[in-house]
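Novice: here is the input, now give the coordinates:
(one chain, ligands or ions: 1)
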Amino acid sequence: MKSALVLLSVLAVSQGIIRIPLMRGKSARQALEERGLFEEYRRKFPHSPAAKFLPQNEQSSVPLTFDPRGTYYGEIGIGSPPQVFKVLFDTGSADLWIPSVSCTSSACETHSKYNSSASSTFQASPNTFHISYYSGFISGSTGYELVKISDLYVEHQIFGFTDTEAGFLEFQPWDGILGLAFPGLSNEGGTPLFNNLWNQGKIPQNMFSMYLSSSVEGSVLVLGGLDSTHYTGTMNWIPLYQTSNFWNIQIQSITINGNTVACSGSCVATVDSGTSLIIGPDRDINNINGWLGASSDADGVASVSCSITNLLPDVVFNINGYSFALPPSAYIMQSGSGCTTGFASGSWILGEVFMRQFYTAFDVGQNRVGFAQAV
Ligand SMILES: *[C@@H]1O[C@H](CO)[C@@H](O)[C@H](O)[C@H]1NC(C)=O
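Specialist: Residues are numbered from 1 along each chain as shown. Below you'll find the predicted structure:
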């Protein structure tokens, strides 16, 4: 009896966790470089990581800029029968939106488009939505749909379907965005998808987690708990910093070889799967890049010689009494044009460069973030 109960509970847990495979596709930067358009896009739509977290007002919010590197996405189905979309799972915003058949912008032509007439579960809403980005805006209508994510169905999910999209979205490998931040951040209003998953009793724990691989395949979004096959050691938990709509945590300091090089006297950072790099104020980032011997160009891109990257020190993030050491293999990015560091200017964000090294848990129920060594 006892062993049967144990078996049952083990089954319940392992069945409850939902794994969504994520692709690390060709980045917008690669796609643009192949077409010889990257420099033009960079000038037209300057990337401003900080702009994503400017204070919201009633007219506008700025949850996204042209980030040429943001590349992790997975598939969801919207409607009945499901229409399939690739979405960026973004812990820095709280809306679900995808392109629609009524959109004639060039960015919609290169992506899958939602057709409400082809779905038996579509429910219209009188509300329109408009999201102002630093690099342009998107707008459209909102409605409610049945959303399929892996084998789970979320009922009556608010979502936005665009009729206008800014040009900087044209070369993104994903069609739309699925926001995983807190409900107060939503432009569309209503309950974000993850909160509905929990409220509708579809997942065993009010938590999701992410493993971001440096390979094209193998990354995963885990809904309802942790996937212990993707990390080693203990999960180190960090309480969220104050009440906010973002996944904000306090960092005590950032050190190199025991010297405080940034975030002296503590700072607050957003953990954001929709930002590719580690972002911080100019002074701090210049100091880190200086310690790494990197030279920055006018666009703030910090380069180092590829031949010495294995000699570079760890950059250590001291958070809640834990030390998270980022080795050069994690923070140096090599491309055809050379080696650059993963540290850029803005307000503090721990993006994909950090999350690739540390499996990240987003615990909604207990208002905390967890990091563990990814494997
Ligand atoms: C949308 O779906 C309806 C019903 O299936 C179909 O008649 C119509 O042609 C579709 N519209 C577009 C633009 O694909």
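Novice: tell me the helix or strand right after the helix or strand of the chain with the lowest mean pLDDT.
Specialist: Least confident helix or strand, the chain: helix 2-16 with a mean of 48, by mean pLDDT, DSSP states H and E. For helix 2-16, the following helix or strand on the C-terminal side (DSSP states H and E) is strand 18-24.
Novice: and that next one, what does it pack onto?
Specialist: Other helices and strands packing on strand 18-24, by 3 or more CB pairs under 8 Å, 6 or more residues apart in numbering; DSSP states H and E, are strand 72-78, strand 83-90, strand 219-223. Just so you know, the C-beta spots here come from the backbone N, C-alpha and C atoms, and that holds for glycine as well.
Novice: strand partners (parallel or antiparallel) of it?
Specialist: strand 72-78 (antiparallel), strand 219-223 (antiparallel) (DSSP bridges).
Novice: so which of those is nearest the ligand?
Specialist: strand 72-78 (13.6 Å; CB to the nearest ligand atom).
Novice: tell me the mean pLDDT over that closest one?
Specialist: Mean per-residue pLDDT for strand 72-78: 93.
Novice: what angle do it and strand 83-90 make?
Specialist: With axes from the mean of the first three to the mean of the last three CA atoms, to 10 degrees as the basis, strand 72-78 and strand 83-90 are set at 140 degrees to each other.
Novice: how about strand 72-78, does it reach the ligand?
Specialist: No - residues of strand 72-78 contacting the ligand under CB under 6 Å from any ligand atom: none, with a closest distance of 13.6 Å.
Novice: now that strand: how far from the chain's centre is it?
Specialist: Distance, stretch centre to chain centre, for strand 72-78: 13 Å (CA atoms, centre = their mean, to the nearest Å).
Novice: distance check, the residue nearest in space to the middle of the chain against the ligand.
Specialist: Centroid check for the chain by CA atoms, centre = their mean gives Ser273 as the closest residue, at 2.1 Å. As defined by CB to the nearest ligand atom, to the nearest Å, Ser273 lies at a distance of 32 Å from the ligand.
Novice: if we ignore the residues flanking it in sequence, what's nearest that residue?
Specialist: In this structure, Ser273 finds its nearest non-sequential neighbour in Thr91, 4.5 Å apart by CB to CB, 6 or more residues apart in numbering.
Novice: just confirm Asn196 is within a helix.
Specialist: Yes - per DSSP: H, G, I helix; E, B strand; the rest coil, Asn196 lies within a helix segment.
Novice: neighbours around it, how many?
Specialist: 17 (other CB atoms under 10 Å).
Novice: residue boundaries of the strands in the stretch 151-300 of the chain?
Specialist: 152-165, 176-179, 207-211, 219-223, 231-239, 248-251, 253-256, 259-262, 267-271, 278-280, 295-296 (DSSP state E, counting those that start in this stretch).
Novice: make JSON lines from those strands and add distance to the ligand, mean neighbour count and mean pLDDT to it.
Specialist: Compiled in JSON lines, these are given as follows (distance: least, CB to the nearest ligand atom, whole Å; neighbours: other CB atoms under 10 Å; pLDDT from 0 to 100):
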{"stretch": "strand 152-165", "distance to the ligand": "12", "mean neighbour count": "21", "mean pLDDT": "96"}
{"stretch": "strand 176-179", "distance to the ligand": "17", "mean neighbour count": "27", "mean pLDDT": "94"}
{"stretch": "strand 207-211", "distance to the ligand": "33", "mean neighbour count": "25", "mean pLDDT": "96"}
{"stretch": "strand 219-223", "distance to the ligand": "29", "mean neighbour count": "23", "mean pLDDT": "94"}
{"stretch": "strand 231-239", "distance to the ligand": "43", "mean neighbour count": "15", "mean pLDDT": "97"}
{"stretch": "strand 248-251", "distance to the ligand": "42", "mean neighbour count": "20", "mean pLDDT": "98"}
{"stretch": "strand 253-256", "distance to the ligand": "51", "mean neighbour count": "21", "mean pLDDT": "98"}
{"stretch": "strand 259-262", "distance to the ligand": "51", "mean neighbour count": "18", "mean pLDDT": "98"}
{"stretch": "strand 267-271", "distance to the ligand": "38", "mean neighbour count": "21", "mean pLDDT": "96"}
{"stretch": "strand 278-280", "distance to the ligand": "40", "mean neighbour count": "28", "mean pLDDT": "94"}
{"stretch": "strand 295-296", "distance to the ligand": "47", "mean neighbour count": "14", "mean pLDDT": "90"}
